[in-house]
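> need a 3D model of the following:
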Amino acid sequence: MEAHLRTREPLDVQRRTTVLSIAILLAFFAIGAAVVGRLMLGGHVPFVSSDRVAIIPVTGVIESDGTFLQRLKRFREDESVRGFVIEIRSPGGVAGAAQSMYSELARLRDEDERPVVAWIGEIGASGGYYVALGADSILALPSALTGSIGVIMQFPNAGELLRKVGVGLEVVKSGDLKGLGSPVRDLTDEERRVLQDLVDDVYDQFLAAVVENRELGREQAASLADGRVMSGAQAARAGLVDRTATLREAVDVAGRMAGLGENPRTVRPAERRLGFWDIIRGVEESRLHLIVRSILDRSLAGPRLRYQWP
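Reported below is the predicted structural model:
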């Protein structure tokens, strides 16, 4: 009996040691996974993340400000981010969204000591350029398409086609201008005047932002703000951008301004793509539904003010 107890005790110790070792390994694995996940999402992990520059993209036609503002907020709250590069590859888009993005970027620039550099890639025109005005400095590729400072509003007129196929539209409205912008008839002279006044007012807001942020006189800025598109090199000569540069050079500029030197570490927001489980969950809950709905909304929407190069 004593011999049996003596042989059982070492086995119990060995078993406990094995369990403890496995628990420690699992704990290290969980911590490592959490650190990697946080880093991939652009988060800051004490003693792991060193100071870096955040690169926030603005790509494609601007239809909404939501994603950009969320990313800007997340990186602004990240203590490891010491500077920002706004990577712009956009022809512009909805006026309100572009103006909102510009305003929030300018607020970051004015309230935060960290540098904000805007870089224009292949295209950064109209609303894309408007966003760049919120930065401390604007750089652009020499061959970039930029400028196109102005406002456009356009909508189809299918009235003649509908009349040919015998389709009419009955309208009951509360005022003469309530049906303004209808796609089934021509504009009246009064409607055209009202819309022109609206476009001119929103254009003046864009022009004021150029005058304020590029240190140009109103007359000089207005001479450049007739809707013309120009290259990055032309824009630099005109004073709309500070100088020409590649994206890597723009990151170096932000690094030097932030005190990190050239070739600083960088971080980008994690990109979420449509995946297998998005489809499995069903179209109504997946991003596929949102993509399709966005296309339809743009196709069927009424008149919209746009800072956009066609």
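
> secondary structure element holding E160?
Assessed by DSSP states H and E, E160 sits inside helix 159-164.

> beyond that helix, next helix or strand please.
On the C-terminal side of helix 159-164, the nearest following helix or strand under DSSP H and E is helix 189-214.

> show me what the next helix or strand after that next one is packed up against.
Once the chain leaves helix 189-214, the next helix or strand it forms, by DSSP H and E, is helix 218-224. When contacts are defined as 3 or more CB pairs under 8 Å, 6 or more residues apart in numbering; DSSP states H and E, helix 218-224 sits against helix 189-214. (Glycine included, C-beta is placed from N, CA and C.)

> measure the closest residue to L133 other than its chain neighbours to A254 for me?
Nearest residue to L133, sequence neighbours excluded (CB to CB, 6 or more residues apart in numbering): N213, at 4.4 Å. Taking CB to CB, to the nearest Å as the measure, N213 falls 18 Å from A254.

> among the two, which residue is more densely surrounded?
Using other CB atoms under 10 Å as the criterion, N213 and A254 rank with A254 on top: 29 against 18.

> and L260, how many neighbours?
For L260, the count of nearby residues is 19 (other CB under 10 Å).

> mind checking pLDDT for it?
L260 carries a pLDDT score of 96 in this model.

> then L161?
For L161, the model assigns a pLDDT of 71.

> what's the neighbour count on it?
11.

> could you do F206 as well?
With other CB under 10 Å as criterion, F206 counts 24.

> list the contacts of the residue nearest to L133.
Listed by CB atoms under 8 Å, 6 or more residues apart in numbering, the contact set of N213 reads A106, L133, G134.

> who wins for most neighbours among those residues?
Comparing the contacts of N213 by number of neighbours (other CB under 10 Å), G134 comes first, having 22 neighbours.

> excluding chain neighbours, give the residue nearest to that residue in space.
The spatial neighbour of G134 that comes closest, neighbours along the chain excluded (CB to CB, 6+ apart), is L105 at 3.1 Å.

> tell me the SS of that neighbour?
Following DSSP: H, G, I helix; E, B strand; the rest coil, we place L105 in the helix state.

> what about it, how many residues nearby?
25.

> what of the one 4 residues further on?
Other residues lying near R109 total 19 when counted by other CB under 10 Å.

> so it touches S103, yeah?
No: using CB atoms under 8 Å, R109 makes no contact with S103, being 10.7 Å away.

> give me the common contacts of these two.
Shared contacts of R109 and S103, defined by CB under 8 Å, 6+ apart, comprise G134.

> strands along the protein, start to end?
When assigned using DSSP state E, the strands of the chain occupy the ranges 52-59, 81-90, 92-94, 116-125, 137-140, 145-147, 229-231, 243-244, 266-267, 306-308.

> could I get these as TSV with mean neighbour count, distance to E170 and mean pLDDT?
As requested, the strands of the chain are arranged in TSV below (neighbours: other CB atoms under 10 Å; distance: least, CB to CB, whole Å; pLDDT from 0 to 100):
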stretch	mean neighbour count	distance to E170	mean pLDDT
strand 52-59	21	43	97
strand 81-90	24	40	98
strand 92-94	26	31	95
strand 116-125	26	41	97
strand 137-140	26	51	98
strand 145-147	26	45	97
strand 229-231	19	43	97
strand 243-244	18	57	98
strand 266-267	18	57	96
strand 306-308	27	30	83
